[in-house]
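A.B. asks: Sequence first, predicted coordinates after that:
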Amino acid sequence: MRAFHSNWTRPFFARHGAQAVYTVEPFELLTTALSALYWRQENGSIAMLCDQTAQHYYDTLGLSFLWDDDVQTVLDDMPTDIDPVCFWAAGKLYALRAYGAPCVMIDTDFIVWRDLSERLRGHALATTHREDILPDIYPDATAFHLHRPFDLEPLDWTVRPANTALSYFGDPVFTEQYTDRAIAFMRAASPADNSLTYMVFAEQRLLAMCAAQAGVPLISLMELPELFLSGQEWFTHVWGFKQQMRDDPALYTAFCTRCAQRLTRDFPEAAARLREVPTLTDFFTS
């Protein structure tokens, strides 16, 4: 199976300023390595779809070897009318449109430990799990302010959103329809104070709505509680743990050290190269 990671760096500079030096936190680099290497071992090829800033960053650190389908610069020409603060993950949707189905879209903080081929066989669309419609995160249509026409009325607002940390797109026609619609929404939206609601609508809720409207069956690989109660036999998603690590240096160091140990055990050649990255060296020598 073909898969891709993505990295659009414009949100970084929107947060830190145009003169900032682009960096990725050590725990993110380590989970990126685990995500890419385990995908290659268990499932197939993987690419990094990004802009030139990200490509230069990975090349400079010597990390481009992680993606056997290469580091591909497809995100440099994203429209400037997409707010990079409000739509920080917009690069994923442009990358998906550029890469094309069938493929798996996977976040760099999401690790797949086992072969997914049998679980995905015969399906047109799959995501990690469904999410509950919590009003603070998934409000109704009246919460969205638009400066261009975008018809929200035909959508079924009772459909549960789909978490897209890992998503399988098997139908090229539907994939194009969904990405076109999501991109149209992002370009129509006015900048918002609550950027989370806008981004998760475009990426996660709209996906489930479009699938329901098109009659494309959407399966979940597990329910959310199972992601935590299953011992992470299939998946690990670091998303909810990031802020805890940032708030607790000891927790941060322990997590990164465990990642380095796992890489050293299972991918020693890759670990030797990762060890040369200055911000990662200490975790491999702990």
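C.D. replies: On my side now, so go ahead. Small disclaimer: the values here were computed from a predicted structure and weren't measured.
A.B. asks: longest strand of this protein?
C.D. replies: Determined from DSSP state E, the single longest strand within the chain is strand 162-169.
A.B. asks: Just after it, pick out the following helix or strand.
C.D. replies: For strand 162-169, the following helix or strand on the C-terminal side (DSSP states H and E) is helix 172-188.
A.B. asks: Please work out which residues outside that next one touch it.
C.D. replies: With contact meaning C-beta atoms under 8 Å, 6 or more residues apart in numbering, helix 172-188 is reached by 79, 81-83, 87, 90, 93-94, 96-97, 100-102, 124-125, 146-150, 169, 198, 201-203, 206-207, 210-211, 214, 216. Placement of C-beta: from N, CA and C, glycine included.
A.B. asks: Among those residues, which are located in strands?
C.D. replies: Within the contacts of helix 172-188, residues falling in strands by DSSP E are 125, 169.
A.B. asks: ChimeraX command for the buried members of the contacts of helix 172-188?
C.D. replies: Filtering these down to the buried ones (16 or more other C-beta atoms under 10 Å) takes a single ChimeraX command:
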select :82,83,87,90,93,94,96,97,101,124,125,169,198,201,202,203,206,207,210,211,216
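A.B. asks: In helices, which of the contacts of helix 172-188 appear?
C.D. replies: If you go by DSSP state H, the contacts of helix 172-188 have 90, 93-94, 96-97, 198, 206-207, 210-211, 214 in helices.
A.B. asks: Assign residue 33 to helix, strand or coil.
C.D. replies: Per DSSP: H, G, I helix; E, B strand; the rest coil, the secondary structure class of residue 33 is helix.
A.B. asks: Which pLDDT value goes with it?
C.D. replies: Looking at residue 33, its pLDDT reads 98.
A.B. asks: Looks like it contacts residue 277 (just checking).
C.D. replies: No. Under the criterion of C-beta atoms under 8 Å, residue 33 makes no contact with residue 277, lying 9.6 Å away.
A.B. asks: Of those two, give the one with the bigger neighbour count.
C.D. replies: residue 33 (26 against 18; other C-beta atoms under 10 Å).
A.B. asks: which residues touch that one?
C.D. replies: When contacts are counted by C-beta under 8 Å, 6+ apart, residue 33 touches 63, 66, 259, 263, 267, 270, 274.
A.B. asks: can I get those residues in a markdown table with secondary structure?
C.D. replies: Formatted as a markdown table, the contacts of residue 33 follow (three-state DSSP):
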| residue | secondary structure |
| --- | --- |
| 63 | coil |
| 66 | helix |
| 259 | helix |
| 263 | helix |
| 267 | coil |
| 270 | helix |
| 274 | helix |
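A.B. asks: Which of those ranks first by neighbour count?
C.D. replies: Most neighbours among the contacts of residue 33, by other C-beta under 10 Å: residue 274, with 26 neighbours.
A.B. asks: Okay, residue 142 and residue 153: tell me how far apart.
C.D. replies: Residue 142 is 12 Å from residue 153, where distance means C-beta to C-beta, to the nearest Å.
A.B. asks: give me every residue that touches the residue nearest the centre of the chain.
C.D. replies: In the chain, the residue lying closest to the centroid (C-alpha atoms, centre = their mean) is residue 107, at 2.8 Å. Neighbouring residues of residue 107 by C-beta under 8 Å, 6+ apart: 5, 35, 92, 165-166, 237, 239.
A.B. asks: returning to what we had before: just checking, which of the ones in helices among the contacts of helix 172-188 comes out lowest on pLDDT?
C.D. replies: Within those, the minimum per-residue pLDDT falls on residue 198 (94).
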